[in-house]
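sequence-free structure coming up:
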């Protein structure tokens, strides 16, 4: 059972366009993290959101945690080729020992 | 080194052989995680260590998989009698503590395992 659904699974757009990636669940999470992974490397943490409704910005990336803490979104403004990678969301539930991972969104930004 | 180190970076072996994958976490990190990732996919949790203990082994796919951690530092993931479906990238991550779960996990670059 996939407790965290990411969409879309794959996205290929032109440089300069905007995009949004979604991470959805029917479960409540105490916090949610977004990671980016480039080919041949391990994932790198971008942000952690912990409060319902929280919005965090990282340059052109905007992360939002849903009010009910069941979903999150990542919005990229004016995408650049350097944004290319696999974006993974991971949710924490206090009853678990480990994070619940989404299947990832593969993003390609074409010059 | 400053980051999580994994070795080997690539391993090609024949079906039926045993393999050992090594992870050297960031110094001082008490929590260590092993994941498996198929090409371009998300992460499959295998096992985690708090110190030298493994409170959660629920992700190990079969009894051919085992892991240990010694001295609260280096960890080894062993796969016995490898099968072709074991081919994947095996990632190791460490964090300062296991709780709370929202702490950053720092990943190595993985071991790409190919079973012929």
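Ah, there it is. Just so we're clear, the structure is a prediction, and the values are computed from it rather than from any experiment. Numbers count the residues shown, from 1 in each chain, chains lettered A, B, ... in the order given.

which ones are touching the closest residue to chain B within chain A?
Residue of chain A nearest chain B, by Cβ to the nearest Cβ: residue A:42 (2.8 Å). For the C-beta atoms, the positions are set from N, CA and C on the backbone; glycine is no exception. Counting by Cβ atoms under 8 Å, 6 or more residues apart in numbering or on different chains, residue A:42 touches B:4, B:91, B:93, B:107-110.

what sits closest to it if chain neighbours are left out?
Spatial nearest neighbour of residue A:42, excluding adjacent residues (Cβ to Cβ, 6 or more residues apart in numbering or on different chains): residue B:107 at 2.8 Å.

quick check: residue B:100 touching residue A:96?
No. Residue B:100 lies out of contact with residue A:96 (Cβ atoms under 8 Å); the separation is 11.5 Å.

report how many residues lie close to the nearest residue in space to residue A:69 that is not next to it in sequence.
The shortest distance from residue A:69 to any non-neighbouring residue, by Cβ to Cβ, 6+ apart, is to residue A:52 (4.7 Å). With neighbours defined by other Cβ atoms under 10 Å in any protein chain shown, the count for residue A:52 comes to 13.

quick one: residues contacting residue A:52.
Here residue A:52 is in contact with A:65-69 (criterion: Cβ under 8 Å, 6+ apart).

could you tell me which residues of chain B lie near chain A?
B:4, B:33, B:40-45, B:48, B:55-56, B:59, B:91, B:93, B:98, B:100-102, B:104-110 (Cβ under 8 Å from any Cβ of the partner chain).
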